[in-house]
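Colleague: Have a look; sequence and predicted model below, questions after that.
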Amino acid sequence: MSFNIKINGLDELQKRFRKLGDAVQAEVAKKATGRGTAIIRDEAQKNVYKAPKSYRVYNSDGKGGKTCTVVKPGHVGRSVIMKRIPASERHGLTSKHIVTISNSKEIPKGAKQIAAFIEYGINMPRPHPFMRPAFDNKKEEAKNAATDILKKEVRKQWKK
C-alpha cells in the first residue's frame, strides 16, 4: 500500500524555497512531509480493526514444528508507523515519509501480514479496510498541514 500527495499551485512559495540553502530545504521539507504523514498515520491507527479478544497465531519454528503465540487485541494498530524514507530511495525528492506497518514493534512478528488480512478480508468474514480510508479521509487535511508548515517555515527562514 503506497500513497502520494503532491502539492501544486504554490509557485511563489516554490521560487522562494529554491533560494534557500539545501540544509534549510531538507529540514523544512522533513517537517512538512512528517506532519502530513502523521495525520494519515493517526487516522489509520484509529480505524484499524481490533480483535474482540486475544487470539493465537501458529508459525513454523523452522525445524518442522510449530510455535503458538497469543496476540493481544490492537496488535496491528500499535504497529502502524510513520517512516522517513532515506535519500537514496527518494528518487530526487527532498523529503518523503510513508505510513506502513512495522513487523518489529511487537511480538509476535507478522503485523504486516495480519494488516493485509484485515485490509483485504483474507481469512476473515469480510474486509476491514483502514489504510486506504485513512488516506482518503485525511489527504486534504494532511496536504493543508504540510502546506501550512512549508509556508510558515519558508517565511521564517526568508526573514533571517
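Modeller: Looks like it came in fine.
Colleague: For this structure, which segments are assigned as strands?
Modeller: 55-60, 66-71, 80-84, 97-101 (DSSP state E).
Colleague: For the second one, list every residue counted as buried.
Modeller: Using 16 or more other CB atoms under 10 Å as the burial criterion, the residues of strand 66-71 that qualify are V71. Where C-beta positions appear, they are placed from N, C-alpha and C, glycine not excepted.
Colleague: Need the winner for burial among the strands of the chain.
Modeller: Per residue and on average, the most neighbours among those fall to strand 97-101, with a mean of 21 (mean count of other CB atoms under 10 Å).
Colleague: Adjacent strands (with direction) for that strand?
Modeller: Paired neighbours of strand 97-101 in the sheet (DSSP bridges): strand 80-84 (antiparallel).
Colleague: ok, now which residue in this protein is the farthest from the centroid?
Modeller: Here the chain reaches farthest from its C-alpha mean at G64, the gap being 35.9 Å by CA atoms, centre = their mean.
Colleague: and that one, what are its phi and psi?
Modeller: phi 90, psi 0 (degrees, to the nearest 10).
Colleague: any idea how far the closest residue to N137 other than its chain neighbours is from E140?
Modeller: Using CB to CB, 6 or more residues apart in numbering and skipping the chain neighbours, the partner closest in space to N137 is E43 (6.0 Å). Distance, E43 to E140, by CB to CB, to the nearest Å: 12 Å.
Colleague: Compare the two and say which is more crowded by neighbours.
Modeller: Per other CB atoms under 10 Å, whichever of E43 and E140 has more neighbours is E43, with 23 against 11.
Colleague: Format the strands of the chain as JSON lines; extra columns: distance to R155 and mean pLDDT.
Modeller: As requested, the strands of the chain are exported to JSON lines (distance: least, CB to CB, whole Å; pLDDT from 0 to 100):
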{"stretch": "strand 55-60", "distance to R155": "51", "mean pLDDT": "78"}
{"stretch": "strand 66-71", "distance to R155": "48", "mean pLDDT": "81"}
{"stretch": "strand 80-84", "distance to R155": "24", "mean pLDDT": "94"}
{"stretch": "strand 97-101", "distance to R155": "22", "mean pLDDT": "93"}
